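[1] Predicted model, plus sequence, below.
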Amino acid sequence: MKIPYSLVSCFFYAAILLTGLSCSSPAQQEESESSTPGPTLSEYFDYENEQEEYTGGIRMIPIQTPRGEFKVWTKRVGNNPKMKVLLLHGGPGATHELYECFDAYLPKEGIEYIYYDQLGSYYSDQPSDTSLWKTERFVEEVEQVRKALGLNKDNFYLLGQSWGGILAMEYALKYQDNLKGLVISNMMASIPEYNTYAHEVLAPQLPADVRAEIEAIEADEDFSNPRYMELLNKHHYTAHVLRSPLDKWPESVNRCFKHLNPEVYIHMQGYSEFGITGDATLKDWDRKADLSRITVPTLVVGSEYDTMDPEHMEWMANEVPNGRYLYCPEGSHLSQYDDQKTYFSGLIDFVKDVDAGEFGE
């Protein structure tokens, strides 16, 4: 994967900020001086306490559940009292590793972000108890994490992608008074409509013989057949999950798939990659009618080649009262990788516009 900015250039940029060097005109300097300054390099990388210095920002946060106390893994990168982005990964049962490319973009913008593995995911506790894999319980988990991290309406941005987008919407519908901004990335507001899109738009794009073979395997519920993943990898994942040959996929993405917890994933998402079916708990989830209740500034991200319908996600951005749509023309489901320039430019603009009180202007 091509990294758009080298480590050297990041430190050079930071050095310029620290030393106050500038090649701008006097008018530009006056405008810059009148704006609210961001954190210096030393302030941004201040871990605030000895424990976080010792762990490099990692905290195992205790959470209470109906089955007792467990711990979830978090890692803070940076320090900005006004802009803190908590990342909700997809799956369900995947990991924060899908977001590791954020390291190349957000630090040089002075935006703090927090990696977080939800309960059941690889770096957190992994109890084997399907009663825990409920959307409502995950919402309460996020709220406990928020409190432990000291996030509030003056600094708290919540970003969720895929299943994380569902969780972000559910959190906002219950706790949006705690939010400064919301990002719904690559997730529709209706599983039934996602199923329709998967069957009527995505499946017909497959070669006829490939589609017939996949449908036969699904009809027989022969999901352990290695041929199933072989077909999906070659014809579906590289077209709609991450638009790149498999041998070019970032190591962080491969690591995430390796660490996926199948118990959580299958219980909530099911076996099929063309919609959510069977007894999966998310199969009837639909919040279309409730989007108008989300009044916090909201960015909705949709991508041309996504597993999710980009037109539906544009509709979502218009449905929330304070919405903005970010369209990634080269992106798929993981558009933070295959359309990085668009994705991060739009995300950074959103966070900074909200912070500056310029969102919606």
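    Perfect, I can see it now. Everything numeric in this text was worked out from a predicted model, so none of it was measured. Residues are numbered from 1 along each chain as shown.
[2] The protein: helices as residue ranges?
    7-19, 26-34, 41-44, 50-55, 135-149, 163-175, 191-197, 208-219, 226-232, 251-259, 262-268, 310-319, 335-338, 340-356 (DSSP state H).
[3] And the pLDDT for the residue nearest to residue 304 when sequence neighbours are not counted?
    Nearest residue to residue 304 in three dimensions, chain neighbours excluded: residue 329, at 5.2 Å (CB to CB, 6 or more residues apart in numbering). The C-beta positions use only the backbone N, C-alpha and C, and glycine is treated the same way. pLDDT recorded at residue 329 is 98.
[4] ok, now residue 20?
    35.
[5] What of the one 5 residues further on?
    The predicted structure scores residue 25 at 42 on the pLDDT scale.
[6] still on that earlier bit, how about the residue nearest to residue 304, what does it touch?
    Residues near residue 329 by CB atoms under 8 Å, 6 or more residues apart in numbering: 303, 304, 339, 342.
[7] what's the answer for residue 110, then?
    By CB under 8 Å, 6+ apart, the contact list for residue 110 reads 38, 39, 44, 78, 80, 83.
[8] can we see that at 10 Å?
    Taking CB atoms under 10 Å, 6 or more residues apart in numbering, we find residue 110 in contact with 14, 17, 37-41, 43-44, 78-80, 82-83, 348, 352.
[9] Need the phi and psi values for the nearest residue to residue 43 once chain neighbours are set aside.
    Once flanking residues are discounted, residue 43 sits nearest to residue 79: 6.4 Å by CB to CB, 6+ apart. For residue 79, the backbone dihedrals are phi -150, psi 110 (criterion: degrees, to the nearest 10).
[10] Residue 79 and residue 149 touch, don't they?
    No. Counting by CB atoms under 10 Å, residue 79 sits too far from residue 149 to count as a contact (11.9 Å).
[11] For the chain, which strand extends over the most residues?
    strand 68-77 (DSSP state E).
[12] residues near the closest residue to residue 255 other than its chain neighbours, how many?
    Nearest residue to residue 255, sequence neighbours excluded (CB to CB, 6+ apart): residue 97, at 5.2 Å. Other residues lying near residue 97 total 23 when counted by other CB atoms under 10 Å.
[13] my read: residue 97 touches residue 336, true?
    No. The pair residue 97 / residue 336 is not scored as a contact, 12.0 Å apart, by CB under 10 Å.
[14] check contacts around residue 353.
    By CB under 10 Å, 6+ apart, residue 353 lies in contact with 181, 297, 299, 324, 359, 360, 361.
[15] Which pLDDT does the model give the closest residue in space to residue 87 that isn't next to it in sequence?
    Excluding the flanking residues, the one nearest residue 87 by CB to CB, 6+ apart is residue 99, at 4.9 Å. Predicted confidence (pLDDT) for residue 99: 98.
[16] quick one: residue 99 from residue 338, how far?
    14 Å (CB to CB, to the nearest Å).
[17] who's more crowded, the two?
    Neighbour count, other CB under 10 Å: between residue 99 and residue 338, residue 99 has more, with 24 against 20.
[18] So that one is in contact with residue 336, correct?
    Yes. The pair residue 99 / residue 336 is scored as a contact, 7.1 Å apart, by CB under 10 Å.
[19] Now for the two: what residues contact both?
    Common neighbours of residue 99 and residue 336 (CB under 10 Å, 6+ apart) are residue 161.
[20] which residues of the stretch 1-150 of the chain score low on pLDDT?
    Along the stretch 1-150 of the chain, the parts satisfying pLDDT under 70 run over 1-36.
[21] Next, count neighbours for the residue nearest to residue 43.
    Counted with other CB under 10 Å, residues neighbouring residue 79 total 18.
[22] quick one, what contacts it?
    Contacts for residue 79 (CB under 10 Å, 6+ apart) come out as 39, 42, 43, 44, 45, 46, 47, 48, 52, 57, 110, 112.
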